[in-house]
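>>> mind folding the following:
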Amino acid sequence: MSQENVDLVRQQMQPYDGVDVMPAIRASLERFGPDPQPEVVLAQWAEDPAWRHMHPEIEWDVTATGAFGTVVRGPREVALWWADWVEAWESYAYQVREYRDLGEWVLTASDIRARGRGGIPVEMRTFELRQVRDGKVARYRGFLSEAEALESAGLTE
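Next up, the predicted model:
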């Protein structure tokens, strides 16, 4: 089952790998409107080549990533979080360097090339955990270090 989970995460990540995601996110947010309703968000996700792999009860945890760190649950809260997050970026592209089967979790390591507001360049590596349930990504956790990700997955002492 773990290889199936890695394959699913790969399918979820590949559509936007190496591409500036900001235009797609902004277009989705426009469709959602200022008060995104779960059914509208889910309908949009169903049409998106990456987001169609997200579970309708997604738990999105970015508490370890800094300024936008929080935990949100479900499509409405994710859409509201994205609306805040996009305000910090002019462009944002990732390139996945590794997919790793950790049993219950799939770890990805990605290189980020972004431009913050005011044209500030940002280059960094991020580490993300995804947990699959019912054939969809049900839990997501973002980290700025591999050690934090592995600790969160219960793989370090």
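
>>> beta partners for the residue minimising distance to the centre of the chain?
Geometric centre of the chain, nearest residue: Y140, 6.6 Å, by CA atoms, centre = their mean. Here Y140 sits in beta bridges with W60, R130, going by DSSP bridges.

>>> quick one: contacts for it?
Residues in contact with Y140 (CB atoms under 8 Å, 6 or more residues apart in numbering) are 58-61, 128-131. Heads up, the C-betas are built off the backbone N, CA and C, glycines and all.

>>> nearest to E104 among the residues you listed?
Q131 (6.2 Å; CB to CB).

>>> pretty sure that closest one sits against R139.
Yes - with contact defined as CB atoms under 8 Å, Q131 counts as touching R139 (3.9 Å).

>>> quick revisit: most surrounded residue in the contacts of Y140?
Taking other CB atoms under 10 Å as the neighbour criterion, R130 ranks highest of these with 25 neighbours.

>>> would you state the strands of this structure in chain order?
Per DSSP state E, the chain carries strands over the ranges 54-61, 71-73, 89-101, 106-116, 121-133, 136-143.

>>> and of those, who's closest to L155?
Closest of those to L155 is strand 106-116, at 9.2 Å (criterion: CB to CB).

>>> output the closest one as PDB, restricted to C-alpha atoms.
Presented in PDB, the C-alpha positions along strand 106-116 are these (Å, rounded to 0.1, in the frame of the first residue of the first chain):
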ATOM      1  CA  VAL A 106       5.000  10.100   2.300                       C
ATOM      2  CA  LEU A 107       7.800  12.700   2.600                       C
ATOM      3  CA  THR A 108       8.600  15.100  -0.200                       C
ATOM      4  CA  ALA A 109      11.700  17.300  -0.300                       C
ATOM      5  CA  SER A 110      11.200  20.300  -2.700                       C
ATOM      6  CA  ASP A 111      13.300  23.200  -3.800                       C
ATOM      7  CA  ILE A 112      11.300  26.500  -3.700                       C
ATOM      8  CA  ARG A 113      12.100  29.400  -6.000                       C
ATOM      9  CA  ALA A 114       9.800  32.300  -5.100                       C
ATOM     10  CA  ARG A 115       9.500  36.000  -5.200                       C
ATOM     11  CA  GLY A 116       8.000  37.700  -2.200                       C
END
